[in-house]
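Undergrad: Attaching a predicted model along with its sequence, questions to come.
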Amino acid sequence: MTTSLLLCSTTSSIGNPCSLTVGPGAMFFEFCDALEVKNGVSAPATGWGLENTLYAWGSFWNNTYYAYGIVIINPGKRYKALPQPIWTPGGYGAAIVSRILQPIYEEKFFSPPTPSVFEVNLMYEGWNVEIDRLFFVNGLRDPWREATVSADGLYKSNTTTQPIYEGDGFHCSDLITESGIVDETIYTVQMAGLEYMKTWLAAY
């Protein structure tokens, strides 16, 4: 369970393993195989060791991942467009971690303050929120579903001013158009959302 939550919580530049459009043969799984399979043999529980892993990682990045991108050349500039780009200063010589991330970076750019759950719930009344034209969408396989109005045992009323729709997706699957192509329940959610927005906007 912990591993599943970790994987679903992580989106990497090689694809999200919990995406509905990622399956066998996708780059994410090729990457895993590059690290875990050596000479056709899967790694034992102890793995293949740090030296092998670093070599396999670098080899995959250089020979497979970078080759997947497209080089775009503009006058005086050259960019490497990757599936989800890693931008580094001075061109497309990317690294595993951006060279921008130096200690001074943390000192100059602070993260926004963590919101107070208590204060937000006090202001909007948590699960009892009553605001017109509020469209709720939840994925039935979302690890955070129990914190939503679709939590088991909550039985929040589904109304025309606060409709609640559920799809058979993960966290934010409904925001990705491709998810609606491969999953009919998500397509239904997406179409309902568009229809509600159209109706509500027309009322203005």
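TA: The structure has been received and is ready for your questions.

Undergrad: How about the contacts made by the nearest residue to Glu30 once chain neighbours are set aside?
TA: Distance criterion C-beta to C-beta, 6 or more residues apart in numbering; nearest residue to Glu30, sequence neighbours excluded, is Thr64 at 6.6 Å. Quick note: C-beta positions are derived from backbone N, CA and C, even for glycine. By C-beta atoms under 8 Å, 6 or more residues apart in numbering, the contact set of Thr64 is Met27, Glu30, Phe31, Ala34.

Undergrad: how about Thr64, secondary structure?
TA: What DSSP: H, G, I helix; E, B strand; the rest coil gives for Thr64 is helix.

Undergrad: ok, it to Asp142 distance?
TA: According to C-beta to C-beta, to the nearest Å, Thr64 and Asp142 sit 31 Å apart.

Undergrad: now do Phe60
TA: 30 Å.

Undergrad: what helices or strands is the top helix by length along the chain leaning on?
TA: If each helix of the chain is counted by residues according to DSSP state H, the longest one is helix 184-202. If contacts are counted by 3 or more C-beta pairs under 8 Å, 6 or more residues apart in numbering; DSSP states H and E, helix 184-202 sits against strand 164-167, helix 177-182.
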